[in-house]
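here are the coordinates; sequence isn't available:
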Ligand SMILES: [Fe+2]
Ligand SMILES: [Fe+2]
């Protein structure tokens, strides 16, 4: 019984630590998305990313609220993964001089970030359920669903953008 409680405490600490990393991740995405949007040629792609930038700003607020109710500590913890993805995106976009190819690269970079976010929120949601934090789990599921929809929208846009690029 003691061991079980200790493990729950460990999972709680891990949960809060990963929430703090998720906060850093979302804050970094709000800074990199405007750069991606400014580099887009396809209007539909730019508008999908603008829409997701608005959602991402809401994700920052939602994760801050979760941290506030769990820990009263809303300080972010560095998410090295998103830092790496953002700097790779910067380099790939600079290297892509043809506008159509650049749009393909932007979609690739954005979808890589979405897949990372889907993994993060899927895990956090399951941990919240294990910890009996049902309200947290609902919020995390709503963010995860935004990320899944953003990824699906990018897949749909890539159908036309890829065809334009190779035409
Ligand atoms: Fe997000
Ligand atoms: Fe996202």
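That came in fine, so what should we check first? Note that the structure is a prediction, hence the values are computed from the model and not measured. Ligands and ions are numbered 1, 2, ... in the order given.

in the host helix or strand of residue 165, what counts as buried?
Element membership of residue 165 [criterion: DSSP states H and E] is helix 134-166. Residues of helix 134-166 classed as buried: 136-137, 139-140, 143-144, 146-148, 150-151, 153-154, 157-158, 161, 165 (neighbour count, 16 or more other C-beta atoms under 10 Å). Backbone N, C-alpha and C define where each C-beta goes, glycine included.

where does the chain have low pLDDT?
1-6 (pLDDT under 70).

list the helices and strands the longest helix seen in the chain packs on?
Criterion DSSP state H: the longest helix present in the chain is helix 2-39. Under the contact criterion of 3 or more C-beta pairs under 8 Å, 6 or more residues apart in numbering; DSSP states H and E, helix 2-39 touches helix 43-71, helix 80-95, helix 99-130.

ok, back up a step: and the helix holding residue 165, does that touch ligand 1?
No: taking C-beta under 5 Å from the ion as the criterion, helix 134-166 and ligand 1 are apart, separated by no less than 5.6 Å.

shift numbering so it begins at 393
All right, first residue 393 from here; so that's helix 526-558.

and that helix with helix 394-431, angle?
30 degrees (axes from the mean of the first three to the mean of the last three C-alpha atoms, to 10 degrees).
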